[in-house]
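Undergrad: predicted model follows, preceded by the sequence.
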There are 2 protein chains.
Amino acid sequence: MSKSNNVYKDAYNRGLRLLDETKSLPSEPELGALLGVSRTTIRSILTRMEETGLIAWNKRSKTVLRVPRQDDFFPEEETDTLSQIIERSFMRRLLAGGAEPGMQINELELAREIGVGTTSVREFLIRFSRFGLIEKRRNSHWVLKGFTRAFALELTEIREMFELRSAAAFAALPEDSPVWADLDLLEDEHRLLAREIATRFNEFSELDERFHRLIHRASHNRFIVDFYDVIAMIFHYHYQWNKAQERERNAVAVAEHLAYIAALKSRDLGKVDVACRKHLKSARNTLLTSIPEGQQPQRA
Amino acid sequence: MSKSNNVYKDAYNRGLRLLDETKSLPSEPELGALLGVSRTTIRSILTRMEETGLIAWNKRSKTVLRVPRQDDFFPEEETDTLSQIIERSFMRRLLAGGAEPGMQINELELAREIGVGTTSVREFLIRFSRFGLIEKRRNSHWVLKGFTRAFALELTEIREMFELRSAAAFAALPEDSPVWADLDLLEDEHRLLAREIATRFNEFSELDERFHRLIHRASHNRFIVDFYDVIAMIFHYHYQWNKAQERERNAVAVAEHLAYIAALKSRDLGKVDVACRKHLKSARNTLLTSIPEGQQPQRA
DNA sequence: ATAATGTCTTTTATCGTGAAAAAACAGTTT
DNA sequence: AAACTGTTTTTTCACGATAAAAGACATTAT
């Protein structure tokens, strides 16, 4: 089993959804652009769609014969990337207790446990190392630094530095910059979510990420933009395990975002600074309260 | 050829230098700690030292029989890590012209050219990607972003942010912190170098790195500390290809460092800020002038 | 009893290999 | 001739295998 065909399966599933909407499919290159895969994969997809009687395919004509059923889809779990699978397993282990800082990480054991090759695990760990949670001992094992209070503080320190700067850059952007339209759209989505927060509160995390990424992008600095990956990753898992008062927390955050957006639109750097600081402070507190260990406030 | 024994060879070479100083070697675990390798490697080293008549080895007694000659050493190039080899090749290509931004990077071609497996190249590229010079297209090739003016500006922007903060943290460190002793030692080294700058100017880059790392460490923030790897990497190669006015530049930098050190010792945050800013500004200018393309000053 | 050495086991680093996916090339259709 | 389809080549991704290096265990010396 040298390489799974998850790219194909995932694109196939997404391709099925196109069948609902049209009577015939566009050209192969166009489909490729639409689904973000190569023509090779598109042709495999079309081949199968023909085999299962979903379409009639002859050169340029690709006529839809029937609407896809539930069992036409590949199972969700078969569409994941290997690195997603490894990341999930790894994070589960890391968060499911027993992961003390200082503990060593064994590539071989991880690979066996997840049922993948060691190369994939190695590559995952290398990629993952930039999040600052693990560290490599030269010619030897990885060491878990752990999701500690210190980690959260270091992370938020940088986040605040970067976001304050990005927000200031954002507010200074010229009137005709397209970001203002993006911001308006996000504002609308926030208002909508605020109105239905009681039921849709769990949709906040996705909106949160899009909003902050928009702001960070205004820095025009790849290191700042890339750093948001670290934050996004942490918050992604954080949202999954800390469900306490999720609704209230998110309601507050939405309100803070709206104030933050208003400040940005005012172009008043002072107001932006205040609104940004306020939101970041509560985000930090949320994160800090969700970290188990309640000891050591030692920081030089 | 599944794995080169460069760890052994490098440790062996370093081990030879110990023979100059003593009449008999310490215990195996002690040697391991000294050379930073496992006992397994130590034993291979001792075995060879015995074979080549350098020592007489019997259990605990390891008597030095003769002083090592030049041809006892393994050739330097055999002591490099694979990733060092790959990095050097890669950087040579990158800097030796013809590396336009947007150009795509081919793992297989790189691997063939360097004469290593693709896995090693892949791992190198993943590790290297955090420097912000290359970027991965999902399921496809890497793209060279290039060592451009924009890159240098983005890099220095973060550097300045981080170092100003670290320097302030440094100055605020308590009297009894061990860093003050480290700083004193570095100051001495700077004075010594300043006196002999005419001949030893090329020793500056190493001192520069140690000095800045000491300061960054005061931030107690892993992201700040780790970011210095990016700076160090860039400056490392920068020093190699831009030799114009190297002596003058380094003389100026040493003087700036001394002023910076004096400011830190004064604990006066205002002075620290001024000295730090001044030095970072000239470092930035040095870097910028060494970037080929003299066009596009467009930055939003 | 502690710390070394001798021996055996496990893990890491690296390669070659093969299937999935992308990309390039060649031939067709409108 | 521009854009498509058919076909072939190349590259990426992931695995298992193997030597180097680390680490663990057993034995011996001080």
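TA: Arrived safely. Numbers count the residues shown, from 1 in each chain, chains lettered A, B, ... in the order given.
Undergrad: local confidence estimate at the residue nearest to A:Leu31 when sequence neighbours are not counted?
TA: Distances taken as CB to CB, 6 or more residues apart in numbering or on different chains put A:Ile42 closest to A:Leu31, at 4.8 Å, once the chain neighbours are dropped. Yep, even glycine has a C-beta here, placed from its N, CA and C like the rest. Reported pLDDT at A:Ile42 in the predicted model: 98.
Undergrad: dump the residue contacts of A:Ile42.
TA: Each residue near A:Ile42 by CB atoms under 8 Å, 6 or more residues apart in numbering or on different chains is listed here: A:Ala11, A:Glu28, A:Leu31, A:Gly32, A:Leu35.
Undergrad: just confirm it is within a helix.
TA: Yes: counting by DSSP: H, G, I helix; E, B strand; the rest coil, A:Ile42 is part of a helix.
Undergrad: please report how far it lies from A:Leu186.
TA: 33 Å (CB to CB, to the nearest Å).
Undergrad: same question, A:Phe73
TA: Here A:Phe73 is placed at a distance of 32 Å from A:Leu186 (CB to CB).
Undergrad: kindly report the same for A:Ala283.
TA: From A:Ala283 to A:Leu186 the distance is 17 Å (CB to CB).
Undergrad: give me the more crowded residue out of these two.
TA: A:Ala283 (21 against 18; other CB atoms under 10 Å in any protein chain shown).
Undergrad: can you check the pLDDT for that one?
TA: Reading off the model, A:Ala283 has pLDDT 96.
Undergrad: so which helix or strand takes in it?
TA: Element membership of A:Ala283, judged by DSSP states H and E, is helix A:269-289.
Undergrad: cool, A:Glu100 as well?
TA: Per DSSP H and E, there is no helix or strand for A:Glu100.
Undergrad: next up, the contacts around it.
TA: Counted by CB under 8 Å, 6+ apart, A:Glu100 has contacts A:Leu144, A:Gly146.
Undergrad: likewise for A:Ile261?
TA: A:Leu183, A:Leu186, A:Glu187, A:His190.
Undergrad: what sits against the residue in the stretch 51-200 of chain A positioned nearest to DNA strand D?
TA: Per CB to the nearest atom of the strand, A:Gly117 is where the stretch 51-200 of chain A lies closest to DNA strand D, at 2.8 Å. Neighbouring residues of A:Gly117 by CB under 8 Å, 6+ apart: A:Ala111.
Undergrad: got phi/psi on it?
TA: phi -70, psi 160 (degrees, to the nearest 10).
Undergrad: does anything pack onto whichever strand or helix holds A:Thr199? Which helices or strands?
TA: Using DSSP H and E, A:Thr199 sits in helix A:197-200. Applying 3 or more CB pairs under 8 Å, 6 or more residues apart in numbering or on different chains; DSSP states H and E, we find helix A:197-200 packed against helix A:246-266.
Undergrad: measure how the helix it packs on sits relative to helix A:269-289, angle-wise.
TA: Here the directions of helix A:246-266 and helix A:269-289 differ by 160 degrees (axes from the mean of the first three to the mean of the last three CA atoms, to 10 degrees).
Undergrad: model confidence for the residue nearest the centre of chain A, exactly?
TA: When CA atoms, centre = their mean is applied to chain A, the residue found nearest the centroid is A:Ala232 (6.0 Å). A:Ala232 carries a pLDDT value of 97.
Undergrad: anything in stretch A:160-179 near chain B?
TA: Yes: judged by CB under 8 Å from any CB of the partner chain, stretch A:160-179 comes into contact with chain B through A:Met161, A:Arg165, A:Ala169, A:Leu173, A:Ser177.
Undergrad: neighbours around the fourth one, how many?
TA: Residues within reach of A:Leu173, counting by other CB under 10 Å, total 16.
Undergrad: wasn't it part of a helix?
TA: No: under three-state DSSP, A:Leu173 falls outside any helix and is assigned coil.
Undergrad: now it: phi and psi?
TA: Torsion angles, degrees, to the nearest 10, at A:Leu173: phi -70, psi 140.
Undergrad: rewinding a little: may I see the contacts of A:Ile42 organised as a markdown table, with secondary structure added?
TA: Putting these into a markdown table (three-state DSSP) gives the following:
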| residue | secondary structure |
| --- | --- |
| A:Ala11 | helix |
| A:Glu28 | helix |
| A:Leu31 | helix |
| A:Gly32 | helix |
| A:Leu35 | helix |
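Undergrad: out of these, who's nearest chain B?
TA: A:Ala11 (10.4 Å; CB to the nearest CB).
Undergrad: my read: that closest one touches A:Thr40, true?
TA: No: here A:Ala11 does not reach A:Thr40: they are 10.9 Å apart, not a contact under CB atoms under 8 Å.
Undergrad: the two: which has the busier surroundings?
TA: When A:Ala11 and A:Thr40 are compared for neighbours, A:Ala11 comes out ahead with 23 against 11, by other CB under 10 Å.
Undergrad: roughly how far apart are the more buried one and B:Leu258?
TA: 61 Å.
Undergrad: now swap in A:Ser27 and tell me
TA: A:Ser27 sits 68 Å away from B:Leu258, going by CB to CB.
Undergrad: between the two, who's got more neighbours?
TA: Counted by other CB under 10 Å, A:Ser27 and B:Leu258 do not tie: B:Leu258 has more neighbours, with 16 against 12.
Undergrad: contact partners for that one?
TA: B:Glu187, B:His190, B:Arg191, B:Ala194.
Undergrad: then A:Ser24?
TA: Per CB under 8 Å, 6+ apart, neighbours of A:Ser24: A:Ser61, A:Lys62, A:Thr63, A:Val64.
Undergrad: show me what it is bridged to.
TA: A:Thr63 (DSSP bridges).
Undergrad: could I get the pLDDT score of it?
TA: 96.
Undergrad: kindly report the same for the one 5 residues further on.
TA: Looking at A:Pro29, its pLDDT reads 98.
Undergrad: for A:Ile45, see how far away the residue lying closest to it once chain neighbours are set aside is.
TA: Nearest non-adjacent residue to A:Pro29, counting by CB to CB, 6+ apart: A:Arg39, 6.3 Å away. Distance of A:Arg39 to A:Ile45, given as CB to CB: 10 Å.
Undergrad: the more surrounded of those two?
TA: Counting neighbours by other CB under 10 Å for A:Arg39 and for A:Ile45 shows that A:Ile45 has the greater number, 24 against 14.
Undergrad: for that one, what are its contacts?
TA: A:Tyr8, A:Ala11, A:Tyr12, A:Gly15, A:Leu31, A:Leu35.
Undergrad: can you tell me the SS state at it?
TA: Following three-state DSSP, A:Ile45 is assigned to helix.
Undergrad: quick one: low-confidence parts of chain A?
TA: A:1, A:293-300 (pLDDT under 70).
Undergrad: helices of that one, residue ranges please.
TA: Counting by DSSP state H, chain A has helices at residues A:6-19, A:28-35, A:39-51, A:82-95, A:107-114, A:118-128, A:149-171, A:179-195, A:197-200, A:204-217, A:222-241, A:246-266, A:269-289.
Undergrad: just checking, A:Arg217 touches A:Val225?
TA: Yes: assessed by CB under 8 Å, A:Arg217 is found in contact with A:Val225 at 5.9 Å.
Undergrad: name the residues of the stretch 101-250 of chain A found near DNA strand D, please.
TA: A:Val116, A:Gly117, A:Thr118, A:Thr119, A:Ser120, A:Glu123, A:Arg137, A:Asn139, A:Ser140, A:His141 (CB under 7 Å from any atom of the strand).
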